[in-house]
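>>> just need the structure, nothing else, for what follows:
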Amino acid sequence: MSEVKIYFDILTLFPNFFDSPLSTSLLSKAIKKDLVNIRVHDIRRFGIGKHKQVDDRPFGGGAGMVLKPDVLAKSLKAAMRLRKEERPSLRPRVILLEASGKTFTQQKATVLSHKEWIILVCGHYEGVDERFKELLVDEEISIGDYVLSGGETAAIVIIDSVTRLVPGFLSKPDSLVHESFTPTQQEGEEIKLLDYPVYTRPEKFQKKEVPKVLLSGDHKGIKKWRSDQALKKTQQLRPDLLEAS
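Residues are numbered from 1 along each chain as shown. Predicted coordinates:
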């Protein structure tokens, strides 16, 4: 068995949402290999009254409902206590998943992959009481400039993106070096490029042939072709990456 590299705790109103994503593909294998340890906590367990109320109307009026800070705080405290009983030395990074957060990037995934313990709080409804953010959240993250019905989808995106960077997750670690958004050196400058186009068998598909250079065995030529194609692809599809470099 491997040593656990990252502990994840997820606070959510919909724990069943995670049943399938956490039990399939490479993420499931990482859990079974004990590379990561993931626990899902039901926020509603700490709801108020017999109806387990977790939200309320916003002060000042307005549409939608707001997640209560006292309920979230109790849920967070319980999750932390449970983890601390097993690993007292762990220090959590509490992240709220909300549309107003900073945009998630490959660079942020790399930073988080070096954390021992990440707690993901899934926002919902109209939002989360601001006092919970100010007092108990380390940072807010969004996975893009659009609105989801809840933070659960974002949680899976972040867990998948971060976990694949953990040593032992990928059978061929070199693949992390040559992929989209990973900083690379070109003419003495560090830039971010999309990955180069890739091909496999058959050599001809619907009259389209594999570029000859990839069949040549000329490793230097292949490397240059891939570098040129990555730059060309980035210029066509994501010129903003080059402008930001």
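>>> need the longest strand for the protein.
Longest strand in the chain by number of residues (criterion: DSSP state E): strand 92-103.
>>> in it, what's buried?
Of the residues in strand 92-103, those buried by neighbour count under the rule 16 or more other Cβ atoms under 10 Å are 92, 94, 95, 96, 97, 98, 99, 101. Backbone N, C-alpha and C define where each C-beta goes, glycine included.
>>> quick one: the closest residue to the fifth one other than its chain neighbours and residue 105, what's the gap?
Distances taken as Cβ to Cβ, 6 or more residues apart in numbering place residue 151 nearest to residue 97, at 3.2 Å, with adjacent residues excluded. With distances taken as Cβ to Cβ, to the nearest Å, residue 151 is found 17 Å from residue 105.
>>> higher neighbour count, the two?
Neighbour count, other Cβ atoms under 10 Å: between residue 151 and residue 105, residue 151 has more, with 29 against 14.
>>> how many residues are close by residue 40?
Residue 40: 21 neighbours (other Cβ under 10 Å).
>>> for whichever strand or helix holds it, which strands pair with it and how are they oriented?
Assigned by DSSP states H and E, residue 40 falls within strand 36-42. Strand pairing for strand 36-42, determined by DSSP bridges: strand 6-12 (parallel).
>>> which elements pack onto whichever helix or strand comes after the partner strand?
Per DSSP H and E, the first helix or strand lying C-terminal to strand 6-12 is helix 25-32. Judged by 3 or more Cβ pairs under 8 Å, 6 or more residues apart in numbering; DSSP states H and E, helix 25-32 is in contact with strand 36-42, helix 152-163.
>>> and the angle for helix 25-32 with helix 152-163?
70 degrees (axes from the mean of the first three to the mean of the last three Cα atoms, to 10 degrees).
>>> so what's the gap between helix 25-32 and the chain middle?
How far helix 25-32 lies from its chain's middle: 15 Å, per Cα atoms, centre = their mean, to the nearest Å.
>>> next one: stretch 71-84
The chain centroid and the centroid of stretch 71-84 are separated by 22 Å, computed with Cα atoms, centre = their mean.
>>> just the CA trace of that stretch, in PDB.
The C-alpha coordinates for stretch 71-84 follow below in PDB (Å, rounded to 0.1, in the frame of the first residue of the first chain):
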ATOM      1  CA  VAL A  71     -24.700  25.100  10.100                       C
ATOM      2  CA  LEU A  72     -21.600  25.300   7.900                       C
ATOM      3  CA  ALA A  73     -19.400  26.000  10.900                       C
ATOM      4  CA  LYS A  74     -20.700  22.900  12.800                       C
ATOM      5  CA  SER A  75     -20.200  20.700   9.700                       C
ATOM      6  CA  LEU A  76     -16.700  22.000   9.200                       C
ATOM      7  CA  LYS A  77     -15.800  21.500  12.900                       C
ATOM      8  CA  ALA A  78     -17.000  17.900  12.900                       C
ATOM      9  CA  ALA A  79     -15.100  17.100   9.700                       C
ATOM     10  CA  MET A  80     -11.900  18.600  11.100                       C
ATOM     11  CA  ARG A  81     -12.300  16.800  14.500                       C
ATOM     12  CA  LEU A  82     -12.800  13.500  12.800                       C
ATOM     13  CA  ARG A  83      -9.700  13.900  10.700                       C
ATOM     14  CA  LYS A  84      -7.600  15.300  13.600                       C
END
